[in-house]
Each structure stands twice: as structure tokens, then as C-alpha cells.
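*Asks:* Kindly generate the corresponding structure for this input.
(3 chains)
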Amino acid sequence: MNAVWAHLPILIVLVPLFGALLAGFARRADPAFAIALVVSWVIPFCAGAMLWQVLASGPISYHLGSWAPPWGIEYRVDALNAFVLMLVSMIGAVTMPFARRSVGFEIEEGQRPWFYCMYLLCLTGLLGIAVTGDAFNAFVFLEISSLSTYVLIALGRDRRALLAAFQYLIMGTIGATFYVVGVGLLYLMTGSLNMVDIAARLGPAWADNSRTIIAALAFVTVGVSLKLALFPLHVWLPNAYSYAPSWATAFLSATATKVAIYLLVRFLFSIFGVAIDLRALPVAAIIIGLSLAAMYIASLIAVFQSSLSRMLAYSSVAQIGYITLGIGFVNLAGLTGGLVHIVNHALMKAALFLAVGAVFFRARTVQLDDLAGIGRKMPITMTAFTVACFGLIGTPGTSGFISKWYLALGAIERGWWLVVFLIVGSSLIALIYVGRVLEIAWLREPSAAVAEARDPPLSMLAPLVLLAAATIYFGFDTEWTAGIASTTAKGLLGGLR
Amino acid sequence: MSLDLILRVGTKLVLPFILLFALYVQFHGDYGPGGGFQAGVIVASVIILLSITFGLDAAHRIAPQPLVERMIPLGVLIYAGTGVAGLILGKNYLDYSVLSHDAVHGHELGVFLVEAGVLVTVAGTMTALFYAFAERGR
Amino acid sequence: MQTLGIILDHYSYVITIFLMMSGLYIVAARGNMVKKLVGLSIFQTSVYLLYIEPAKILGGTAPILDPAFSVYSNPLPHVLILTAIVVGVATLALGLALAVRINEAYGTIEEDEIFERDRET
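*Replies:* This is a model prediction of the structure:
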């Protein structure tokens, strides 16, 4: 048992990797699904054990091939990593049962095993980014997750999914390449790829040549922002989320962008922030400006969408704006708000996209005009959907309120009252687009398109209800979300120069 | 049929030597330029040359699609399995020093196995890529 | 004259930046998907150069331990870029595969024509 305990950081990457290989061998849908399910249910235990270990006794360091860092690759888990690992693995575990019927409905028989194989590879990549302490290793995992994501999107039901995947491939590769350029410049300046080591060597290098380091910061920030869909770099996201298979959208919206946000936080606070005074550079101001633009412009675009999944995709861009806003504040309440919204938004969006998947499963359409009265036909699904919608708006009693509360506190702490009003004001736009859907779903007479619809089977309903329940639960008990986020934020800010 | 006689006979003559050269590149990787990547591509080029001269069906008889598709995960499995062997024998993942009686031989054996895995995966991937594009529009 | 000297001293960086910008321009300016992928590859290649160029040390030999030599080239960037090349090949292959599928589904790989066809339906 002790032996397993010590190897948890590598096991959390190896288990999904071996799962993907076995799914590749299986070549039939049912065994591949069984493998994916087992893997998804095992890794939360790995992540949980590491989180517990980190909170009890500080960061875990694991040396690959027993090569000591900074020469070898080090997997380093602190509170922030463990938090993200826990989130990604939990989302995988909770949503996985939904996949069997949804994938069975939307994807051709022959492609199903490859779908699960790609999901497991994507999971490997995402967990790898979160666990590694090596900047270049993070790039490799970033590309593993990205390449499998392109395939997941391309397996969508519409031919436009192919186009969406292609566009994302172009944008995603540019983003990843920008990231490598940034890492390359950092390597030239410090001679190291280990994140902790780079941070330690960056201070002296900064005194020597600050221009290259600013260029590195810009490249990394822009590259990662492309992957996390920060406002003007979000153009790949709406198409990708609208045309990907429903379950893949739910999983990716809850994890892929969140892991990219983790990478941004890691670089800003654990690497650059340690050596450079972040507040002296305009990076935080730019992030805040773009976040506010995301919150308003993307929300406004969401109001005018005719497809439910597309509306939620634009809402994702807006909600990512909240997260990056909190990061841009560079203070305790703001960063706590940003980190806690990573979890809260992941739970809500997973619930919302699963509900969309369930609606498509029964009604075979996600066009808003066709969905009149769907609430009366699929009451449990749409109740869960409604709860998650309230979370999006930030109604008190849901987890969304907690996030916005901390964000507002962060803005007040900086003395930016205008931003406080903007945060509250953007919720009103969310109210408009959410209200429009809820009105169509609940208050109208059922249309012909949804006449046959009813709630989906338990395997699809249970994940949905669980996620919606979590949205309410984390609106009251904040120890596991805001508590850990606040500890993490304190640690990150404490290391800042 | 008779027009490409030289091509067909020439290909048949040259194929075993290409394979042999792939093995040379594979095992020479310990002492000079070479290794699994390059050898894997050379192995795949055998299949590609075969299908260009004799047609895709002939290539499928030697390297059927299911085999090629299984080679991709198999190679990664060999690589990752070598890493796990170090883990099971009580050291960290990818620590080869425990694979043999002393660290130097352990590393030699570990890298040998890893390169074998790379060979299998690269050969499989290259062939699968070729098949995937060649079969379109047939 | 001094500027010219700086450019000549850093000519490898100039080439890197030129390749990088050419690649990005092709990706942005061309509507043909295969051309876009070509641009993307050029863009990625510039990064290989960015890593490899500083790794060559004047007078250094191949990094194999030998008592006869004391100056070696830095092997690490080569290893990193070998990985990046493999990633680039995988991306290119996937991109081309998608282009083939798009051609089958739409009958064209010109972006504006595809948008037009989507608007029609």
C-alpha cells in the first residue's frame, strides 16, 4: 500500500494512458466503455489521496526515472495542482455513466471504441498538464489532450463538426506553439525547464535582460489564452462546443479550458510572479479588460443565439471571463473567486451540457424554437437544467453566488467600484439569455417536436441530477471549494514578489 | 503487366535488404545515429513500397489493417510497460537501473526495450497513416 | 551601420522570425485548408530553429562522453525538438485527415466555399 502511495503522481497519468491503450486494443464499444468507466472511477481516488496528502504535509515531488530535478522531469503536486486534478477526475467520474447511451445514440458503431480511446487520451493529457512540474512536459501533455480533443470534436454528428475541429486544430496549434516559443525563451534565459528552477533563476536573469523575459511572458500568456478561450481568442470555442458530441462537449467545457486556466495561473503566479513584480507590468490590466469584454460581449451574443448548445458555448466564454477577472485582480479575494469559479463553473456547465445531451437524446433537436414546453415533457432533466441556470446567473443559494461574491470582494479590495457594478450588471445579461430558455421550456405549450420526449434513463439522469445538486450544495457548504481555493490563493500570493 | 517487370522484380529483391537496414538502424542506435524512430519509418517504407508496386491488397496480406492498428498501442504498451517494470521492482517510473543486475546493464536493457516499443509504434502509425489516405476514394 | 551589424550578428533569429511570420501570414491569409496546414508547418518549423540554434556551441562535438573532448553541444534542445517534431507530424497528419474528410463532406477545401454551402442548407 505504501508503495502505491508514493507513486500516486505518476499513476494518475499512467492509469488513463493504459486505459486508452487497452481501449485501442478492445476495438468494440462495450469493453472500451467499461475500461473508460473503471479508469474514470479509479482516478478520483488517486487525486483525492494526493489532495489529502498535500493539505496535510505540503507539496509532493516525484522524480521520473529517479533523475533528480532540475535535470530530470519532476512531477510536483501542490494545493493548486491537487485541486485541479480533483476537479478533472471528478468530472470524468460523474459524467462517464452518461456517455454510454449518449455516445451510442450519436456516434456510429465502428467509431465508438475510438471515441472512448480518445477520451482516455484526452484525460491523460489534461491530468498530465496538471501534475507535471516541467514546462516542456506540460507542452507535450497539452498537445496530447489537444490532438485527442480535435478527434472528439470531429466525431460529432454534423459535417460542420469537421470544420469546427479543423478550425480548432489551427487555433490550438498556434496557441501551443506560442507556448513553446515562450518556454524556449525562458529556457534560453535560465537554462532550465523545471518550473520551480525557472522561477528561482528568473530573478537574476531579469536583472540581466528583462526584454526577453517580457517577450516570454507575452508568448506564454497569449498561447495559453488561446487554449482557455480568453475573449478575443475564443472564436474556435462556439463551433467546437456546438457540433461536438454532446457528452464530449460536457466533459471538455468542464475540464479542458479549466486546465488551461490552471496553466496560466501557474505561469503567472508560480513562475513569473516570483521573479517579477506582476503589478508593475500591464499583463493583469490587459487580462481584466479582456475579461470584462468577455463577460459583456459574449453574454450579449449568447442572448441572440437560436441553438441551445451555441448559447451555452457563448455563455462559457463569458464565464471564463469571470475566472480570468479574478486572476487579474492579483489579490486574495479575487484569486479565490477565480479559482472557486473554476470548480463552480465546471459543475454548472457540465450539468447544462449534459441536459442538452439528454434533450437531444429524446427530442433530437437543440434549436430553441423546437423546444417549447420541453420542461413539461422532461421535468427532471429540465429542473436540473434550471438549477444550473440559476448558478450561471449567480442567484444566492447556488455556487455561482459564492464565486461572484468573492470576485466582488476582490474588486472592492482594489477599490474598483465600477468593476463591482459591472460584475453585478453582467449577471443581468445572463438573466436575459437564461430567462429566454426557461420561458420557452416551462411556460409554453409543448410543441410537436417534443411531443414524444420524456426523461432519459437513469444512467443519464443520475450524473445530471448529481451535478445540479452539487451546484446547490456548494452554494452552502464552501469548505471544499472556497476553503481550498483560499488556501491555494494564499500560497500563490505569498510567493509573489 | 509485363511493362513493370523490372520494377516488380527489383522491389522483391530490395525489400529484404530494406528490412535488414531497418534492423541495423534500430540496433545501431546504441552507438550512433539511429534508433526506433528512424527504423520504424524504414519498416513502414517497406509496406508502402510494396503497396505502390503490387497494390494495396498485397500490402494488406502482409500487414493487415487490424494488425497495423494494434501495433500503435502495442508499442506504447511496451514503452510504458518498461517504465512500470521499474516501478514494480521498487524504484520510480522509468527508472531502468533495477531491470538488470547492475545499473548500467539495466539502462541498456531499458533503452533497448523502449526503442523496440518505439519501432513498433512508429512502423504501425506510418503504415496506418498510409493506409488511411490510400484507401480513400478507392 | 550599427543596425546592420546587429542583424548580421543575430541572423539566425532574423531567419526564425521571418519563418514564423511567413507561417502565421499564410495561416491567416489563405482560405485553402491544405495551404493553411503548410503555413502552420512553417510556423512550427521556425520554433524548431529557435530551440536548435542556441544549442550549437562553437567548437563543440557531439555530446558523447569522451576524455579527448571537453566542449560539447547541448543535447537537450535536440531532444525537445525531436518531441516537438513528432507532435508537429501528428498535428499535420490529423489536419490533413480532417481536410480529406471535409473534402468528402463538402466537395471543397476552400473555406469561403464551405461557409457558403453551410449557409445554403
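
*Asks:* which residues are there in chain C that come within reach of chain A?
*Replies:* C:20, C:24, C:27, C:33, C:36, C:40, C:43-44, C:47, C:50-51, C:54, C:76-77, C:80, C:83-84, C:87, C:90-91, C:94-95, C:98-99, C:101-102, C:105-106, C:114, C:118 (CB under 8 Å from any CB of the partner chain). C-beta here means a position set from N, CA and C on the backbone, and glycine is covered the same way.

*Asks:* Any chance of a ChimeraX selection covering the buried ones in those residues?
*Replies:* Here the buried members of the residues of chain C next to chain A are turned into a ChimeraX selection, burial being counted by 16 or more other CB atoms under 10 Å in any protein chain shown:
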select /C:20,24,27,33,36,40,43,44,47,50,51,76,77,80,84,87,91,94,95,98,99,101,102,105,106,114
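
*Asks:* Now, the residues of chain C next to chain A that are in strands?
*Replies:* Judged by DSSP state E, the residues of chain C next to chain A include no members of strands.

*Asks:* Now do the longest helix along chain C: which elements does it pack against?
*Replies:* Longest helix in chain C by number of residues (criterion: DSSP state H): helix C:75-106. Counting contacts by 3 or more CB pairs under 8 Å, 6 or more residues apart in numbering or on different chains; DSSP states H and E, helix C:75-106 packs against helix A:135-154, helix A:160-190, helix B:103-135, helix C:33-55, helix C:111-120.

*Asks:* Run the chain-centre distance for the first one.
*Replies:* Using CA atoms, centre = their mean, to the nearest Å, we find the averaged C-alpha position of helix A:135-154 to lie 14 Å away from the chain's own average C-alpha position.

*Asks:* now swap in the last one and tell me
*Replies:* Going by CA atoms, centre = their mean, the spacing between the C-alpha centre of helix C:111-120 and its chain's C-alpha centre is 29 Å.

*Asks:* What angle do helix A:160-190 and that helix make with each other?
*Replies:* Angle, helix C:111-120 to helix A:160-190, by axes from the mean of the first three to the mean of the last three CA atoms, to 10 degrees: 140 degrees.

*Asks:* Kindly report the same for the third one.
*Replies:* Computed with the same axes, to 10 degrees, the direction of helix B:103-135 lies at 150 degrees from that of helix A:160-190.

*Asks:* go on, the fourth one?
*Replies:* On the basis of the same axes, to 10 degrees, helix C:33-55 is oriented at 10 degrees to helix A:160-190.

*Asks:* Pull the CA coordinates from helix C:33-55 and hand them back as PDB.
*Replies:* Taking Å, rounded to 0.1, in the frame of the first residue of the first chain, the C-alpha atoms of helix C:33-55 are listed here in PDB:
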ATOM      1  CA  MET C  33      -7.100  24.200 -45.900                       C
ATOM      2  CA  VAL C  34      -4.000  22.400 -47.200                       C
ATOM      3  CA  LYS C  35      -2.200  25.800 -47.700                       C
ATOM      4  CA  LYS C  36      -3.200  26.700 -44.100                       C
ATOM      5  CA  LEU C  37      -1.600  23.500 -42.900                       C
ATOM      6  CA  VAL C  38       1.500  24.300 -44.900                       C
ATOM      7  CA  GLY C  39       1.600  27.700 -43.200                       C
ATOM      8  CA  LEU C  40       1.100  26.000 -39.800                       C
ATOM      9  CA  SER C  41       4.000  23.700 -40.500                       C
ATOM     10  CA  ILE C  42       6.300  26.600 -41.500                       C
ATOM     11  CA  PHE C  43       5.300  28.400 -38.300                       C
ATOM     12  CA  GLN C  44       6.200  25.300 -36.200                       C
ATOM     13  CA  THR C  45       9.400  24.800 -38.000                       C
ATOM     14  CA  SER C  46      10.600  28.300 -37.000                       C
ATOM     15  CA  VAL C  47      10.300  27.200 -33.400                       C
ATOM     16  CA  TYR C  48      12.500  24.200 -34.100                       C
ATOM     17  CA  LEU C  49      15.100  26.600 -35.300                       C
ATOM     18  CA  LEU C  50      14.600  28.800 -32.200                       C
ATOM     19  CA  TYR C  51      15.500  25.900 -30.000                       C
ATOM     20  CA  ILE C  52      18.200  24.200 -32.000                       C
ATOM     21  CA  GLU C  53      20.200  27.300 -33.000                       C
ATOM     22  CA  PRO C  54      21.500  28.200 -29.500                       C
ATOM     23  CA  ALA C  55      22.200  24.600 -28.700                       C
END
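
*Asks:* Mean confidence (pLDDT) on it, please.
*Replies:* Averaging pLDDT along helix C:33-55 yields 94.

*Asks:* same question, the first one
*Replies:* Averaged across helix A:135-154, the pLDDT comes to 96.

*Asks:* May I see the buried residues of it?
*Replies:* A:135-154.

*Asks:* Which strands or helices does the helix or strand that contains residue A:47 pack on?
*Replies:* Element membership for residue A:47, per DSSP states H and E: helix A:29-57. Counting by 3+ CB pairs under 8 Å, 6+ apart, the packing neighbours recorded for helix A:29-57 are helix A:8-26, strand A:60-63, helix A:79-106, helix A:112-131, helix A:484-494.

*Asks:* For the longest one, enumerate the helices and strands it packs against.
*Replies:* By that I understand helix A:79-106. helix A:29-57, helix A:112-131, helix A:246-265, helix A:332-363, helix A:458-476, helix A:484-494.

*Asks:* Adding mean neighbour count and mean pLDDT, write the ones you listed out as JSON lines.
*Replies:* Shown next, in JSON lines, are these (neighbours: other CB atoms under 10 Å in any protein chain shown; pLDDT from 0 to 100):
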{"stretch": "helix A:29-57", "mean neighbour count": "19", "mean pLDDT": "94"}
{"stretch": "helix A:112-131", "mean neighbour count": "26", "mean pLDDT": "96"}
{"stretch": "helix A:246-265", "mean neighbour count": "27", "mean pLDDT": "95"}
{"stretch": "helix A:332-363", "mean neighbour count": "27", "mean pLDDT": "95"}
{"stretch": "helix A:458-476", "mean neighbour count": "20", "mean pLDDT": "94"}
{"stretch": "helix A:484-494", "mean neighbour count": "20", "mean pLDDT": "92"}
